[in-house]
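Provided below for reference: sequence and predicted model.
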Amino acid sequence: MATRIDFKYVRQHADIARVIAHFGIDLHQDGSKPEQMKGLCPFHEDTKPSLKVNTERNIFNCFACKAKGNVLDFVNVPPCQ
Ligand SMILES: [Zn+2]
């Protein structure tokens, strides 16, 4: 019997900050809210941190290239052309 992955569980419980760190991206606190982080976006040629991460809602979005989504989307976003 094949092992089934509960994607809903992963989406809600995988720590997005740890997943992003796994890809070698440094996150820093953004502003005064501890759940708001920012870092260099891996989806476009980023020189200043455009990637915003909300560790409470487990979502990310990049205001430069518009990549956004949840923790599963992060590992699935195709690279920008
Ligand atoms: Zn981006």
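Yep, that arrived.

Show me what the helix or strand of the chain with the lowest mean pLDDT is packed against.
Taking all helices and strands of the chain together, the one with the lowest average confidence (mean pLDDT, DSSP states H and E) is helix 7-13, at a mean of 83. Applying 3 or more C-beta pairs under 8 Å, 6 or more residues apart in numbering; DSSP states H and E, one finds that helix 7-13 makes contact with helix 71-76. (Each C-beta comes from the backbone N, C-alpha and C, glycine too.)

Next, see if the helix it packs on gets close to the ion.
No. Under the criterion of C-beta under 5 Å from the ion, the ion is not reached by helix 71-76; the shortest gap measures 11.6 Å.

what's the residue nearest the centre of the chain sitting at in phi/psi?
Against the mean C-alpha coordinate of the chain, by C-alpha atoms, centre = their mean, the closest residue is residue 60 at 4.4 Å. For residue 60, the backbone dihedrals are phi -130, psi 160 (criterion: degrees, to the nearest 10).

Just to check, it is in contact with residue 66?
No. Applying C-beta atoms under 8 Å, one finds residue 60 not in contact with residue 66, separated by 11.5 Å.

follow-up on the earlier one: and after the least confident helix or strand of the chain, which helix or strand comes next?
Going down the chain from helix 7-13, the next helix or strand is helix 16-22, by DSSP states H and E.

could you give the mean pLDDT of that following helix?
Per-residue pLDDT values across helix 16-22 average out to 92.

now stretch 48-56
In this model, stretch 48-56 has a mean pLDDT of 95.

Straight-line length of it, end to end?
One end of stretch 48-56 sits 23 Å from the other (C-alpha to C-alpha, to the nearest Å).

Can you give me the buried ones in it?
49-55 (16 or more other C-beta atoms under 10 Å).

cool, stretch 26-35 as well?
The neighbour-count check on stretch 26-35 (16+ other C-beta under 10 Å) flags 27, 30 as buried.

Can you get me the centre-to-centre distance for it and its chain?
Relative to the mean C-alpha coordinate of its chain, stretch 26-35 is positioned 13 Å out (C-alpha atoms, centre = their mean, to the nearest Å).
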